[in-house]
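1. No letters, just coordinates:
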């Protein structure tokens, strides 16, 4: 089966993947990328920046452009979009569930939620994967946690629902088979991990604290629906990833 990837110039791809050089704001490249395909996996996002205009442009306007291309050139395709578990209320009374109200205040989750709504309003066969904290294979994301904890004053006992790169692939494969059609699905591994534990795992230290947690469910999502649809993570926790040198 043919696989195309929309990439920037010079990007290296696995053998057998056909590169389409362009971006989300180049209609010609979008047409070349999606014309006649059976499925579209939308992973593009901007979030590691203080430039909120760039975040909104890429995450919302870029998604709109891709939806429009899909509607014109691949209207029967499955459109699978990666989103984020950060859309849920930080003051929630339980881990976020797919049917919980969402009104995020920060630019990244707010822009992703707005993009979700654009996709759901389309006539495409969509699925939305709200991912936990994505990490793995030296992407630097897990290693950034101690710095983020200091910058945002995260409590060391706060826990993050997490998901390894391998299991982003696992859930996408299921979605490609139709298991997630017209569903929003949380995607997380077997156990949330505390900020304190993550810091230790990557060889850093952060100050401990016995202060009460103001928002004990912040950062955690409920993965029950994904399990009921057949998802089983290959990487159960970040400790397994560490044993396998896959952080």
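-> Perfect, I can see it now. Because the structure is predicted, anything quoted here is derived from the model rather than measured.
2. isn't residue 207 right next to residue 155, touching?
-> No: at 10.4 Å, residue 207 and residue 155 do not qualify as touching, with contact defined as C-beta atoms under 8 Å. Quick note: C-beta positions are derived from backbone N, CA and C, even for glycine.
3. any idea which helix is longest in the protein?
-> Counting by DSSP state H, the longest helix found in the chain is helix 107-121.
4. Not counting sequence-adjacent ones, nearest residue to residue 69?
-> Take residue 69 and drop its neighbours on the chain: the residue closest to it by C-beta to C-beta, 6 or more residues apart in numbering is residue 30, 3.8 Å away.
5. hey, where'd the strands end up in the protein?
-> Here the chain has its strands, by DSSP state E, at 3-7, 17-21, 39-42, 78-84, 125-131, 133-135, 159-160, 162-164, 184-187, 193-194.
6. Select, out of those strands, the one closest to residue 233.
-> Residue 233 sits nearest to strand 162-164 of all the strands of the chain, at 7.2 Å, using C-beta to C-beta.
7. Run through who's touching the closest one.
-> Residues outside strand 162-164 that contact it (C-beta atoms under 8 Å, 6 or more residues apart in numbering) are 131-136, 187-189, 192-193, 233-235, 237-238, 241, 246.
8. Selecting buried members of the residues you listed in PyMOL, what would you type?
-> Those of the contacts of strand 162-164 that count as buried under 16 or more other C-beta atoms under 10 Å are selected in PyMOL with:
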select buried, resi 131+132+133+134+135+136+187+188+189+192+193+233+235+237+238+241+246
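9. follow-up on the earlier one: the more surrounded of residue 207 and residue 155?
-> residue 155 (19 against 9; other C-beta atoms under 10 Å).
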